[in-house]
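Peer 1: Structure for the following, please:
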Amino acid sequence: DMAEPIQQLTRNNNPQERQTVPFTLIQRKEKLGDLLYEKRQYGKAKWACIKMKEKQYEQSICLGFMKLMRYICEQNSSGLYLGITIPIVTIVHTNEAQSEMTQAVTVAYYLPEVLQDEPPHPFDSDIIIEEWPSTIVYSR
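Peer 2: Numbering: from 1, shown residues only. Here you go, the predicted model:
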């Protein structure tokens, strides 16, 4: 099922073609020289998002990522490989009281700069194109 997307990604696996999502570094936390996390601010942008709710958190992330990869690798209205942007963002959801995590996660792919004005439509109806406001993200 993932053979074609993986082949497409491998054919296009030129590190120079990977676009880093533009951000402003707010804070960097290190311990004994090792990076623990960075706090980043990302500007307003369009993202392809999928919300998953499997029994295990890891399953949700993997399945969401695979669906996004199909969108990136030609299963979109342009029929083209869209290119890789990094990082792929995972949003962990909490209950209303924000006291515990839920099983739901959102996996999101930043649409490359050239696609921000008119993103290709996904064939998978579970994938939604959203415009996010400026956002704070913690990265490891």
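
Peer 1: Quick check: buried residues in the helix ranked longest in the chain?
Peer 2: The residue-count maximum for a helix in the chain (DSSP state H) belongs to helix 57-72. Buried residues in helix 57-72, counted by 16 or more other Cβ atoms under 10 Å: 57, 60, 61, 63, 64, 67, 68, 69, 70, 71, 72. (Each C-beta comes from the backbone N, C-alpha and C, glycine too.)

Peer 1: just so I have it, where are all the helices in this protein?
Peer 2: Using DSSP H, helices in the chain cover 3-11, 57-72.

Peer 1: Look up how far residue 81 lies from the nearest residue to residue 107 once chain neighbours are set aside.
Peer 2: The shortest distance from residue 107 to any non-neighbouring residue, by Cβ to Cβ, 6 or more residues apart in numbering, is to residue 64 (3.3 Å). According to Cβ to Cβ, to the nearest Å, residue 64 and residue 81 sit 19 Å apart.

Peer 1: Perfect, I'm done here.
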